[in-house]
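Colleague: Sequence and predicted structure below; questions after.
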Amino acid sequence: MPLPKPPAKRASLLTPADFDSQAAPKPGKRTTQKHPAAEPASAALDLYEPPREAAPVIAPVLARPAPVAQRPAAQPKARKPRTAGPAKLFVLDTNVLMHDPMCVFRFEEHDVYLPMITLEELDDHKKGMSEVARNARQVSRDLDALAASLTDNPGADMADGLPIAHTGHREAGGKLFFQTTLLDVDLPRGLPQGKADNQILGVVKALRDQHTGREVVLVSKDINMRIKARALGLAAEDYFNDKTLDDGDLLYTGVQSLPSDFWDLHGKTMESWNQGGLTYYRISGPLVPSLLINQFVFLEAPGATPLYAKVTEITGKTAVLRTLREYTHQKNAVWGVTARNREQNFGLNLLMDPDCDFITLTGTAGTGKTLMTLAAALSQVMDDRRYTEIIVTRVTVPVGEDIGFLPGTEEEKMSPWMGALDDNLEVLSKTDGAAGEWGRAATNDLVRSKIKIKSLNFMRGRTFLNKFVIIDEAQNLTPKQMKTLITRAGPGTKIVCLGNLAQIDTPYLTEGSSGLTYAVDRFKGWPHSGHVTLARGERSRLADFASEVL
């Protein structure tokens, strides 16, 4: 194909008006202009003609696409209120603020009212290094930030309420009201007027009389105060926003029983293969959406070989199941300990898995939580050299009266709380029958040199590298304390939390608001965590019968 002839004169520049005319959207339907195939050279040569004559030819070659009409910015959808009618007015007791310092921001579209006596009690509890004092100081800082919004709005009045979302908590759509005037309190003569609880009850009663068309509710963690409020005909509720679950029976167990027709529903498209002495099954079917990573499944049918497996992978509508290592057999014993039931076998598979960094074990007394965990820790520290040492800690909450201060170092002060550790070490030291008395004594000294007992009070700011951390009695931890402990983990560290949700000794903690429940619910489905609820006690027949009938 011959080249076009050189231009006969210099090219002229397009004016800004020509650019605008090319970029402007064309009215009506866009038509496709057909150019004759016989004149390709003239179209190229016309590029060098003066602007007015060249404009029609430049269009198909240099024209910029018409700008797309910009969509209007998406407006945030107004959240539909959960309740019909006007927003409720919640009057907060002091113990709610000290229990959850973020409670002011957790009432959604409803308003919050703080009596002055509540602020006075907060001021009394702000000194010290306890958890209550820290929470009181945090509440004071948040309230100060909300009160500072008055300076941003010169025409605003404290009596009109402060928008709670002003400090960035967009989930809170209500207002915060402080008691700015003295309310007429009309309480029965039997209630002492100077007591703080009775003053708050008087405020609730006065607010109910003022706001006749609005529901005024007292929120308190104090059971007796709620009883007195209901006796006076006032609406009172517990603080529920700190609960992870409403019912402890809904807690994730980590174990799921397969239906009897599992192979009929999932066997047609199933793939299986062997790798490393274990069998893998890739299944797809109606059961897959209900499975989670590291969840254990089992199928026990009469006359058939039982199936015990763990979910290792979920991709779309398919899941991969891997059979387990049988720790019920003596050849797979962990530091001389074998699993006595199905759940213990599941727990040992989790404890011995190097890919699981966080493990939670729950169960009643005598289910073997501490013994299995300590045996797995010693096996991986002493035999496999996977971790450098074992760190054991627990909450120092007494069951009865406190015995006072304890002398000695940190480890000596913690030794009375570690009776369970000593009992299990004694059991583990007797598993090696061929070592003799001197051998067992030497092994016991070596084992104790690898175990460090630490207090929770000195955990903040620490980082554990290649450690096996055991948190015993974790049901007595608050969610904030649980977060503080778990975030101490450095590279190569495994954390195991043990607890019995039926034995909570910390005040204001329940099964639904415990830090252990919080951790189990938040970590389920994470590829590097696992949970098993141990259901059967193996301590003794006496302990099993006592746990059932007492």
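Modeller: Sure thing, it's come through. Numbers count the residues shown, from 1 in each chain.
Colleague: For residue 534, which residues count as its bridge partners?
Modeller: residue 363 (DSSP bridges).
Colleague: which residues does it contact?
Modeller: Contact analysis of residue 534 by Cβ atoms under 8 Å, 6 or more residues apart in numbering lists 343-344, 347, 361-364, 367-369. To be clear about C-beta, it is placed using only N, CA and C from the backbone, and glycine gets the same treatment.
Colleague: now those residues in CSV, with pLDDT and distance to residue 129?
Modeller: What follows is the contacts of residue 534, written out as CSV (pLDDT from 0 to 100; distance: Cβ to Cβ, whole Å):
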residue, pLDDT, distance to residue 129
343, 94, 40
344, 94, 41
347, 95, 37
361, 96, 31
362, 95, 31
363, 91, 34
364, 86, 35
367, 88, 36
368, 88, 37
369, 91, 31
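Colleague: Report the mean confidence score over the biggest helix by length in the chain.
Modeller: When the chain is parsed with DSSP state H, its longest helix is helix 131-147. For helix 131-147, mean pLDDT is 88.
Colleague: re earlier: out of the contacts of residue 534, which are inside strands?
Modeller: Among the contacts of residue 534, the residues falling in strands (DSSP state E) are 361-363.
Colleague: Point out where this structure drops to low pLDDT.
Modeller: Counting by pLDDT under 70, the chain has low-confidence residues at 1-85, 152-156, 246-248, 397-420, 431-443.
Colleague: at 50 instead, please
Modeller: The model of the chain has pLDDT under 50 over residues 29-65, 67-79, 399.
Colleague: host element of residue 350?
Modeller: Using DSSP states H and E, residue 350 falls within helix 342-351.
Colleague: and that helix, what does it pack onto?
Modeller: Judged by 3 or more Cβ pairs under 8 Å, 6 or more residues apart in numbering; DSSP states H and E, helix 342-351 is in contact with strand 296-299, strand 307-315, strand 358-363, helix 369-378, strand 529-534.
Colleague: quick one on the thing from earlier: just among the ones in strands among the contacts of residue 534, which is most surrounded?
Modeller: Counting neighbours by other Cβ atoms under 10 Å, residue 361 leads the ones in strands among the contacts of residue 534 with 30 neighbours.
Colleague: Name whatever forms a beta bridge with the closest residue to residue 257 other than its chain neighbours.
Modeller: Spatial nearest neighbour of residue 257, chain neighbours left out: residue 298 (6.2 Å); criterion: Cβ to Cβ, 6 or more residues apart in numbering. On the basis of DSSP bridges, residue 298 is bridged to residue 257, residue 308.
Colleague: and residue 298, what does it touch?
Modeller: Applying Cβ under 8 Å, 6+ apart to residue 298 gives the contacts 255-258, 306-309, 342.
Colleague: run the last query once more with 7 Å
Modeller: Residue 298 makes contact with 257-258, 306-308, 342, according to Cβ atoms under 7 Å, 6 or more residues apart in numbering.
Colleague: so how far is residue 266 from it?
Modeller: Residue 298 sits 15 Å away from residue 266, going by Cβ to Cβ, to the nearest Å.
Colleague: which one is residue 285 nearest to, not counting chain neighbours?
Modeller: residue 266 (4.1 Å).
Colleague: check contacts around the one you found.
Modeller: For residue 266, the contact set (Cβ under 7 Å, 6+ apart) comprises 283, 285, 287.
Colleague: now the strands for the stretch 101-250 of the chain?
Modeller: Using DSSP state E, counting those that start in this stretch, the strands of the stretch 101-250 of the chain run over 111-114, 162-163, 175-178, 216-219, 235-237.
Colleague: related to what we said a few turns ago, could you measure from the residue nearest to residue 285 over to residue 305?
Modeller: Distance from residue 266 to residue 305, by Cβ to Cβ: 16 Å.
Colleague: same question, residue 446
Modeller: In terms of Cβ to Cβ, residue 446 sits 42 Å off from residue 305.
Colleague: Same question for residue 165.
Modeller: For residue 165 relative to residue 305 (Cβ to Cβ), the value is 59 Å.
Colleague: neighbour count winner among these two?
Modeller: Ranked by neighbour count (other Cβ under 10 Å), residue 165 and residue 305 place residue 165 first, with 15 against 7.
Colleague: burial measure for the residue lying closest to the more buried one once chain neighbours are set aside, as a count.
Modeller: Of all residues beyond its chain neighbours, the one nearest residue 165 is residue 172 (5.2 Å), with distances taken as Cβ to Cβ, 6+ apart. Neighbour count of residue 172, defined by other Cβ under 10 Å: 22.
Colleague: Is residue 172 in contact with residue 103, as I believe?
Modeller: No. If you go by Cβ atoms under 7 Å, residue 172 and residue 103 don't touch, sitting 10.6 Å apart.
Colleague: picking that back up, point out the ones among the contacts of residue 266 that are inside strands.
Modeller: Members of these lying in strands (criterion: DSSP E): residue 283.
Colleague: So which of the contacts of residue 266 is the closest to residue 186?
Modeller: residue 287 (61.9 Å; Cβ to Cβ).
Colleague: Run through the residues that contact that closest one.
Modeller: residue 266.
Colleague: Check the one 5 residues further on too.
Modeller: Residues in contact with residue 292, defined by Cβ under 7 Å, 6+ apart, are 311, 524-525.
Colleague: Also residue 494?
Modeller: For residue 494, the contact set (Cβ under 7 Å, 6+ apart) comprises 357, 387, 468-469.
Colleague: out of those residues, who's nearest residue 335?
Modeller: residue 468 (12.7 Å).
Colleague: hang on, isn't the closest one packed against residue 376?
Modeller: No. Residue 468 is not in contact with residue 376 according to Cβ under 7 Å; the separation is 8.3 Å.
Colleague: Make JSON lines out of the contacts of residue 266 and add distance to residue 534.
Modeller: As requested, the contacts of residue 266 are exported to JSON lines (distance: Cβ to Cβ, whole Å):
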{"residue": "283", "distance to residue 534": "27"}
{"residue": "285", "distance to residue 534": "29"}
{"residue": "287", "distance to residue 534": "24"}
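Colleague: Out of the contacts of residue 266, which is nearest to residue 199?
Modeller: Using Cβ to Cβ, residue 287 comes nearest to residue 199 of the contacts of residue 266, at 57.5 Å.
Colleague: and that closest one, how far is that from residue 454?
Modeller: Taken as Cβ to Cβ, the span from residue 287 to residue 454 is 43 Å.
Colleague: Could you check how far residue 240 is from residue 197?
Modeller: Residue 240 is 20 Å from residue 197, by Cβ to Cβ.
Colleague: Over to residue 306?
Modeller: According to Cβ to Cβ, residue 306 and residue 197 sit 58 Å apart.
Colleague: More neighbours: the two, which one.
Modeller: A direct count of neighbours by other Cβ under 10 Å for residue 306 and residue 197 places residue 197 higher, at 20 against 9.
Colleague: Hmm, residue 224 and the more buried one touching each other?
Modeller: No. Counting by Cβ under 7 Å, residue 197 does not reach residue 224; the two are 8.1 Å apart.
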